[in-house]
Structure formats: C-alpha cells, structure tokens
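Pasting the sequence and the predicted model now:
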Amino acid sequence: MSSLHTYRFSVGIEQQDMRLDAYLAEETTNLSRSYLQKLIKEGQVQINGITIVKPSTAVCEGDEIVCELPESSEPEIVAEDLPLEVLYEDEDLLVVNKPKGMVVHPSAGHPNGTLVNAVMYHCKANLSGINGVMRPGIVHRIDMDTSGSLIICKNDMAHNSIAAQLKDHSIKRLYHAIVFGHLKDAEGTIDAPIGRDPKNRLRNAIVSNGKHAVTHYRVLEELNGFSYIECRLETGRTHQIRVHMASIHHPLLGDELYAGGFQSHLHTDGQVLHAKTIGFVHPRSGAYVEIDTELPAYFNKLLQVLRK
C-alpha cells in the first residue's frame with residue numbers, strides 16, 4: 001500500500017445526512033467501506049477540524065472533510081470527448097444542459113461517460129478542486145434522469161461563491177415537471193422536512209427530524225389525466241421535488257422510486273423533470289446571471305401526446 005496523502009472534500013446538498021463511511025466510499029469508489037471504517041476509527045478523518053472516530057457520524061451540507069487516504073485510492077478520471085451543450089461560459093463558470101440519462105460524476109457503477117468526463121475534456125485543467133478529483137468543478141448535482149441546467153466551477157473562488165449561494169438558498173432554480181392528476185389549487189407551497197426514509201435507504205421521505213425543505217409550485221397546464229407544473233426550490237434537498245409532489249399525491253410521471261401505485265402506459269425513462277432556469281450572482285462581477293433552457297424533445301413530445 002502506498003503512503004497516506006491528505007485529501008479534502010466538501011459535502012454537497014445531495015449528500016446531506018449520509019454516514020461518514022458511506023460518504024467516503026462514494027467519494028473514493030475503490031476503497032472498501034470496512035477499510036474506510038478502520039481509517040475513521042484510527043482518527044484519520046476530520047469534519048470541520050474535529051477528529052471523528054465514529055463511522056456512522058452523519059455528514060451535513062457544507063461540511064469540510066479532511067482525511068488521510070492512500071494515494072492510490074483515487075482512480076484516474078479520463079477526459080472524454082462527449083457531446084456537451086454549453087449554455088453559458090466565461091473564465092470562472094460553465095453552465096451546461098445535462099441530458100436525461102447522464103450521470104453527473106463518476107462512481108463505482110458509472111466509471112465513465114459522465115458529465116465530469118465531458119467537462120474535463122472541454123475545460124482541460126481549468127476546474128475547481130474543492131470537491132476532490134472525482135468531482136472536479138462540481139458544486140451541485142441533479143439526478144441521472146433529470147435534465148437541465150447545471151453550474152460547473154472553473155476555479156475555487158467561483159466554487160466557494162456558488163456554494164455559499166446554494167447554502168443560503170439565494171440561487172433561483174425553476175424546474176418543469178409532469179405530474180399525475182389535476183391539482184386542487186393552481187399554485188401552492190409544500191413546507192415539509194425531508195430526510196432518509198427509515199424503511200428504504202434509497203429513498204428520501206418527509207420525516208419529523210428531517211431537514212427544512214420548501215417547494216413552491218404552480219400549474220402551467222392541465223393535461224389529459226396529468227398536470228404540467230413549474231416548481232421553484234426554496235431549499236435544495238435530495239429528491240426534493242419528487243418527495244414533495246408525491247407527498248400531496250401528485251408524483252412525477254415516470255418516477256419509479258416515488259410514484260408507487262401510480263401507473264402509466266407512457267414510456268419516459270425515469271421521472272419527467274427538467275431544471276429549466278437557474279439564476280445566480282456572478283462570483284467575479286457581482287452581476288445577476290440567469291440561464292434558461294429549452295425543454296428536451298422527449299418532454300415536448302409527452303406534452304403533445306397528453307394534450308390530445
């Protein structure tokens with residue numbers, strides 16, 4: 001085994017409440033969880049400057065994790081010449097339109113073909129390193145089957161600025177979705193805490209001890225048995241829109257994880273959800289920047305079918 005090397009990670013919104021050992025296993029990909037638990041118990045991991053010896057310790061969004069890991073633990077991420085739709089770019093930032101079905105960053109089950117592989121080819125060495133070598137430039141994520149706008153940071157200054165805006169919920173994020181049924185109210189707010197589902201670790205759920213989560217929705221159009229809606233995120237919990245809409249009995253079309261009991265003959269390849277608009281204060285200029293993306297072709301086709 002090679003000598004230990006100091007690595008630094010910053011916990012993202014989507015990793016809120018993960019066990020420390022599970023978080024490190026996801027970040028390092030080729031180290032076993034049992035080995036990582038051993039490192040933690042030996043005092044080789046710190047969270048926000050405090051040594052942690054319990055592998056079950058929950059991590060929180062924004063936590064800075066410093067650990068001693070074997071230098072060989074980080075696999076080489078290969079830059080790949082993959083299609084990349086750039087919506088905005090300057091010396092500090094890149095905003096891309098992530099296609100449905102693409103994973104954001106490499107993991108054990110997706111070692112290549114990810115957005116990070118494509119971004120590394122596009123940006124060469126110009127990416128922030130705060131989230132480690134597995135996630136260069138990545139400051140936030142969207143699910144594999146969710147399409148739409150995503151911010152990539154080219155340096156640590158931009159990363160810190162965007163991360164701070166995400167933490168204080170000042171970034172504008174509008175999502176478009178198709179949900180089952182017709183909503184009673186044309187617009188409304190769902191204010192319900194979200195945490196890990198105690199019955200299924202793959203899901204999140206509304207739980208009393210969960211993190212504060214608020215989603216504002218409005219109906220854009222009533223369709224044949226469905227509704228086309230817009231959701232504005234006030235917070236950014238993992239699967240927030242999917243959990244919140246399912247909680248009021250209007251789950252997203254195609255959402256196999258949260259739409260239990262709701263069935264459709266329509267083929268969607270996962271939930272029908274698109275990150276349409278993102279707005280933020282530019283880290284360098286201080287100017288407000290807003291990016292809007294067109295609905296993907298499959299989404300428009302579904303709308304046409306459901307309007308008949």
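The structure has been received and is ready for your questions. Numbers count the residues shown, from 1 in each chain.

show me where the stretch 101-250 of the chain has helices.
Assigned by DSSP state H, counting those that start in this stretch, the helices in the stretch 101-250 of the chain fall at 115-123, 156-167, 240-247.

For the longest one, what does the pLDDT average out to?
Okay, so that is helix 156-167. In this model, helix 156-167 has a mean pLDDT of 92.

And for stretch 171-179?
Mean predicted confidence for stretch 171-179 is 97.

so can I have a markdown table of the helices of the stretch 101-250 of the chain showing distance to Ala297 and mean neighbour count?
In short, each C-beta sits where N, CA and C put it, glycine included. Shown next, in a markdown table, are those (distance: least, Cβ to Cβ, whole Å; neighbours: other Cβ atoms under 10 Å):
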| stretch | distance to Ala297 | mean neighbour count |
| --- | --- | --- |
| helix 115-123 | 19 | 21 |
| helix 156-167 | 29 | 19 |
| helix 240-247 | 21 | 24 |
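
Now render those helices as a markdown table, adding distance to Gln263.
Shown next, in a markdown table, are the helices of the stretch 101-250 of the chain (distance: least, Cβ to Cβ, whole Å):
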| stretch | distance to Gln263 |
| --- | --- |
| helix 115-123 | 31 |
| helix 156-167 | 35 |
| helix 240-247 | 14 |
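
quick one, which of those helices is nearest to Gln46?
For the helices of the stretch 101-250 of the chain, proximity to Gln46 was assessed by Cβ to Cβ; helix 156-167 is nearest, at 19.0 Å.

CA atoms of the closest one as PDB?
Output of helix 156-167 as PDB, limited to C-alpha atoms (Å, rounded to 0.1, in the frame of the first residue of the first chain):
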ATOM      1  CA  ASP A 156     -12.000  27.600  -6.200                       C
ATOM      2  CA  MET A 157     -13.100  31.200  -6.000                       C
ATOM      3  CA  ALA A 158     -16.100  30.600  -8.200                       C
ATOM      4  CA  HIS A 159     -16.800  27.300  -6.300                       C
ATOM      5  CA  ASN A 160     -16.800  29.000  -2.900                       C
ATOM      6  CA  SER A 161     -19.200  31.700  -4.100                       C
ATOM      7  CA  ILE A 162     -21.700  29.400  -5.800                       C
ATOM      8  CA  ALA A 163     -21.600  27.000  -2.800                       C
ATOM      9  CA  ALA A 164     -22.300  29.900  -0.400                       C
ATOM     10  CA  GLN A 165     -25.300  31.000  -2.600                       C
ATOM     11  CA  LEU A 166     -26.600  27.400  -2.600                       C
ATOM     12  CA  LYS A 167     -26.200  27.200   1.200                       C
END
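
ok, back up a step: for the helices of the stretch 101-250 of the chain, which one sits closest to Pro283?
Here helix 156-167 is closest among these (Cβ to Cβ), at 3.5 Å.

Can you give the distance of that closest one from its chain's centre?
15 Å (Cα atoms, centre = their mean, to the nearest Å).

Need the contact partners of it.
10, 13, 61-62, 92-93, 128-131, 137, 139-140, 151, 153, 171, 236, 280-281, 283-284 (Cβ atoms under 8 Å, 6 or more residues apart in numbering).

and Leu24, which of the helices of the stretch 101-250 of the chain is closest to it?
Distance to Leu24, taken as Cβ to Cβ, is lowest for helix 115-123 among these, at 18.3 Å.

which residues are contacting that closest one?
So helix 115-123 is in contact with 77-84, 86, 94, 96, 98, 102-106, 127, 134-138, 150, 152, 154, going by Cβ under 8 Å, 6+ apart.

Which members of these are classed as buried?
Applying a neighbour-count criterion of 16 or more other Cβ atoms under 10 Å, the buried members of those are 77, 80, 82, 84, 94, 96, 98, 102-106, 127, 134-138, 150, 152, 154.

how about stretch 206-221: buried residues?
Ile206, Gly210, Lys211, Ala213, Val214, Thr215, His216, Tyr217, Val219.

Tell me which residues touch the fourth one, please.
Right, the one you point to is Ala213. Applying Cβ under 8 Å, 6+ apart, the residues near Ala213 are Asp191, Ala192, Pro193, Ile194, Thr235, Arg237, Gln240, Val243, His244.

what's the pLDDT at it?
On the pLDDT scale, Ala213 gets 94.

Ser72 now?
46.

Where does pLDDT dip in the stretch 51-200 of the chain?
70-75, 108-109, 132-134 (pLDDT under 70).

where along it do the strands fall?
64-70, 86-89, 93-98, 147-153, 172-180, 187-191, 194-196 (DSSP state E, counting those that start in this stretch).
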